[in-house]
Each structure stands twice: as C-alpha cells, then as structure tokens.
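# okay, sequence plus prediction incoming.
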Protein chains: 2
Amino acid sequence: MIRVLVVDDHPVVRAGLAALVSGFEGVELAGCAEGGEEAVELATSLAVDVVLMDASMPGCDGIEATRRIAAKGGPPVVMLSTFSEHSRVLDALDAGAAGYLVKDAASDEIMSAVVAAARGEAPLAPRAAAALLSARGPKAPHLSEREQEVLALVARGLPNKLIARRLGIAEKTVKTHLTGAYRAIGVTGRTEAALWAHERGMVERVA
Amino acid sequence: MIRVLVVDDHPVVRAGLAALVSGFEGVELAGCAEGGEEAVELATSLAVDVVLMDASMPGCDGIEATRRIAAKGGPPVVMLSTFSEHSRVLDALDAGAAGYLVKDAASDEIMSAVVAAARGEAPLAPRAAAALLSARGPKAPHLSEREQEVLALVARGLPNKLIARRLGIAEKTVKTHLTGAYRAIGVTGRTEAALWAHERGMVERVA
DNA sequence: ACTTTTCTCCCCCAAAAGCGTGATGTCGGT
DNA sequence: ACCGACATCACGCTTTTGGGGGAGAAAAGT
C-alpha cells in the first residue's frame, strides 16, 4: 500500500484528490494538509510514501514546502500545478520534487505518477515534459534574472519608483529592465505584463 | 437517487467533484461536462436532478450556462466559485442559480447544498451568505455599472484610449470612471486594479 | 583575447495615466 | 420640487510610463 499525503489549500480539490487516492488500487490516503507548514510536519510525522502537493498556496508555497521536506529526507513529492512554465518546473525540481504535473492531467495520470514516484522514478516524462515544451508556446521567453525580479514586483502593483527603492537601483534602470521584459514576453504595457506574470505564477499571492 | 451533473473546466476538480458525488449517500453522478456549452446540452439530454457548476470557465462561463439552462427549464444549478463577491453572487442568482457556494466550503457542505437544491430549496443561507457579508470585507465595494465595464477592460490590459473607443465615450470619461473605481475598491493604480478585478473573476479569461 | 550578455545609469521626449474641480443632463426617490 | 447618484465631458496640471539612443563595467561564453 502506498500511503499518500495530499496537500492543497483548496478544500474542494483536497477532498477531490483525497477521494481519488482512496479509490485507487494499491494506494491509500495517509493524510491531508491545507498548507505548506502543515505538509512539512505531516510528511515526516505520519508514515507517508508520497506527497501530492499543489504548487501555488498562500503562505508557505509548494516549492518551499518541497524544499523543506527534501531537506529532512522526507518522502518524494509530486507537484501539481495549473500552469506549465519552464522556470517553475525547474524550481520545483530543484527543490527536490520527484515529479511535476499540470492539473490538466487526467486522474489516472496523476495516480500513475504517484505510484511511479513511490517506486523512486521521476514521473515527469509521460506528458508534463511534452506539455511543457509544446503546449505553452514554442519559445520559452528568456527573461534575465533582474527582469524577472522587476516583473514580479510590477505584478504586485508597485510603481517603478518603489521597485527601484526595493531593489536598490535607479528608477531608470527599472525602466530599462521593464522595456526588455515587455519585448521578451511580447506585451505592450505594464498591465498586460502584470497579468502575464500572474498567469505563470511568478508572484505569490499576498492574501 | 439524486442525479448530479458536474461541470468544471479543470480536470482535477472535475474528477474530485465526481468522486465526491459518487461516494455520497443518495446521490449519483449523472455526467461530467468540461464547459458551459456541454453543460447546457447534458443538463437537458441526460436525466439530471441537480447541476454542480463552476462559475469561472473559459468560453461560455458558469453564469451564462446557468442562464441558458434556466431558460430551457432545466434542473436547478448550484454554483461553485473561488470568490465571494456581491455582484457575482447576484448575477448567478439572477441567472437562475438555485445556490451559490464558495469553494472554501467543506465537501459535506457542498453535498448538502446539492440535496437541498434537489428538494427545491435554495442552499444559500448556511454559510455562503455569511461568508459573503463578513468574510470578504465588511463593505462590499459598490461599483457602478460603467465603472465595472471600464475596470473589466483595464483588467484585460487595454489602454484608456481603446477603452473609450470600445465604449463609445471620451477618454476623459474613462478616467473619471477609473478614479471612481480606484477609490471604491481601495487601490492606488491601474495595475493593482487589474489584479483586483481578476481575483474577483470580473473578466473572462481570453486563453 | 574577443564577443556576448547582463546590469547599471544617463539624456531627451512623447505619450499615457491620474487628480482636482466644475459643468451638464438624466434618473429615481423623498 | 429637491436631492443624491450616475454618466458624460472639459480645462488644467503633475506624475508615471515607455521609447530612442548611448555608454561604462562586470561576468560569462567563444
């Protein structure tokens, strides 16, 4: 029996995943967590073989929680996410996630990813990789580190002046990075850029 | 046996809700739909007692689908949504929804809402109304019709000039409405406002 | 050593956004 | 008839954005 810990801030999805896990051959539900903190605790205190975790959560998000679980030598983590963006996937993998799935995956895909992870494999290949390289645009827009930082702050609604202050650089520099970022992601203004960034989960929700 | 049609664009939630429905006393799954169009079809072609529908979906959204189902004299609709905002709830109810639940609700809350709807009741009172008036801020920001329209367009990344053209009014007027809207929702700039609007599902995803 | 990328900052300037105030007119309620 | 809310537009004004080019320095790849 593979014991699975389900982590999601959203009650409905949590209940859904829990039901999914419970009703699957050879798999059982070890527990549920609503947030990253709780996930880290339960992943080690309970007997857990695999963690099924949502990537975007308020507070301690999936990536951070995965990092901590991995640091403690906890069970493998399969990451679930709404978006399939290059850097996020890499972040998740860097944090120590065993697998990464977009939520567009069918339920049996998720479950087979779970059993694969339990066997020590990396359930990435099946479709996530494909969806990653083809579905969401052929060209992964290349943003420099600084451009991403600036963009993330724009996506929080901060004006250039504050962004500059926050990063300790001149406002002119912020603008330069922004113009670069706009061209890179193919938008015409800051509002579009902010929404773009949000769609990719570049910014954690403040709420 | 109450036959339920589950509608959600998101595979995981759909599977989750389906599992939830199937595993509940006196309720069974009549079918699943991925979008509004399909929902309208299945709601009448299949023998359905209650429709459990997500409010925000690409293309034909939950509100619109509800309107059509109600127009056809279809089964009662219980609306599920991530946000609890005044106008959206009212919209849903106007469209003919029997109930409205935020997704923060527990799974048994959802199910009892379903059975209530099947009995012809309005599963609004239990917690949705409370969550509606207290949880999301004491004061539901009152936006005039025009302010909402303008804000929705801002939240799509359009500049004032285009918004003005789209609505057939002067750009100055757009600004006026915007200043009003900013004050009403308590933000300091257009980017924040755009994000605010998105959080409330005021704009349908273009993707 | 050389090139490329990235980060940094500057100039000027045009366009867009935002604020204050005021002035119409309509509509609906008291 | 009056008042408040709404939508419409205007003048003027400040701030913010965004685009163009240029330019120095450090880091990384060739």
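Received it, and whenever you're ready, just let me know what you need.
# CA only for contacts and neighbour counts going forward, please
Noted.
# check which residues of the strand or helix carrying A:Tyr182 are buried.
Following DSSP states H and E, one finds A:Tyr182 within helix A:171-185. Applying a neighbour-count criterion of 16 or more other Cα atoms under 10 Å in any protein chain shown, one finds A:Glu171, A:Val174, A:Lys175, A:His177, A:Leu178, A:Thr179, A:Ala181, A:Tyr182, A:Ile185 buried in helix A:171-185.
# following the lowest-mean-pLDDT helix or strand in chain A, which helix or strand shows up next?
One helix or strand of chain A scores below all others by mean pLDDT, DSSP states H and E: helix A:128-130, with a mean of 51. Next along the chain after helix A:128-130, taking DSSP H and E as the criterion, comes helix A:145-154.
# whether that following helix contacts DNA strand D - can you check?
No. Helix A:145-154 stays out of contact with DNA strand D when judged by Cα under 7 Å from any atom of the strand, the minimum separation being 8.0 Å.
# that helix versus helix A:171-185: what angle between them?
Between the axes of helix A:145-154 and helix A:171-185, defined by axes from the mean of the first three to the mean of the last three Cα atoms, to 10 degrees, the angle is 100 degrees.
# and the contacts of helix A:145-154?
A:160, A:163, A:174, A:177-178, A:180-181, A:190, A:193-194, A:197, A:202-203, B:191 (Cα atoms under 8 Å, 6 or more residues apart in numbering or on different chains).
# report the contact partners of the residue nearest the centre of chain A.
In chain A, the C-alpha nearest the mean C-alpha coordinate belongs to A:Ala55, at 3.3 Å (Cα atoms, centre = their mean). By Cα under 8 Å, 6+ apart, the contact list for A:Ala55 reads A:Asp61, A:Gly62, A:Ile63, A:Met79, A:Leu80, A:Ser81.
# residues in chain A within reach of chain B, list them.
With Cα under 8 Å from any Cα of the partner chain as the criterion, chain A meets chain B at residues A:10-13, A:15-17, A:19-20, A:103-107, A:154-157, A:189-192, A:194-195.
# mark which of those residues are buried, thanks.
Buried among the residues of chain A next to chain B (16+ other Cα under 10 Å): A:10-13, A:15-17, A:19-20, A:103-105, A:107, A:154-157, A:190-192, A:194-195.
# which residues of chain A fall in strands?
Assigned by DSSP state E, chain A shows strands spanning A:2-7, A:27-33, A:50-54, A:77-81, A:99-102.
# can you lay out these as JSON lines showing mean pLDDT?
Shown next, in JSON lines, are these (pLDDT from 0 to 100):
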{"stretch": "strand A:2-7", "mean pLDDT": "92"}
{"stretch": "strand A:27-33", "mean pLDDT": "91"}
{"stretch": "strand A:50-54", "mean pLDDT": "90"}
{"stretch": "strand A:77-81", "mean pLDDT": "86"}
{"stretch": "strand A:99-102", "mean pLDDT": "80"}
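# can you put those in a markdown table and add distance to A:Val114 and mean neighbour count?
Putting the strands of chain A into a markdown table (distance: least, Cα to Cα, whole Å; neighbours: other Cα atoms under 10 Å in any protein chain shown) gives the following:
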| stretch | distance to A:Val114 | mean neighbour count |
| --- | --- | --- |
| strand A:2-7 | 8 | 26 |
| strand A:27-33 | 9 | 20 |
| strand A:50-54 | 7 | 30 |
| strand A:77-81 | 7 | 28 |
| strand A:99-102 | 9 | 26 |
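# would TSV of those strands with distance to DNA strand C be doable?
Below are the strands of chain A laid out as TSV (distance: least, Cα to the nearest atom of the strand, whole Å):
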stretch	distance to DNA strand C
strand A:2-7	34
strand A:27-33	36
strand A:50-54	29
strand A:77-81	26
strand A:99-102	26
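# so which of the ones you listed is nearest B:Met111?
Of all the strands of chain A, the one in closest proximity to B:Met111, counting by Cα to Cα, is strand A:27-33 (19.7 Å).
# understood, closing this out.
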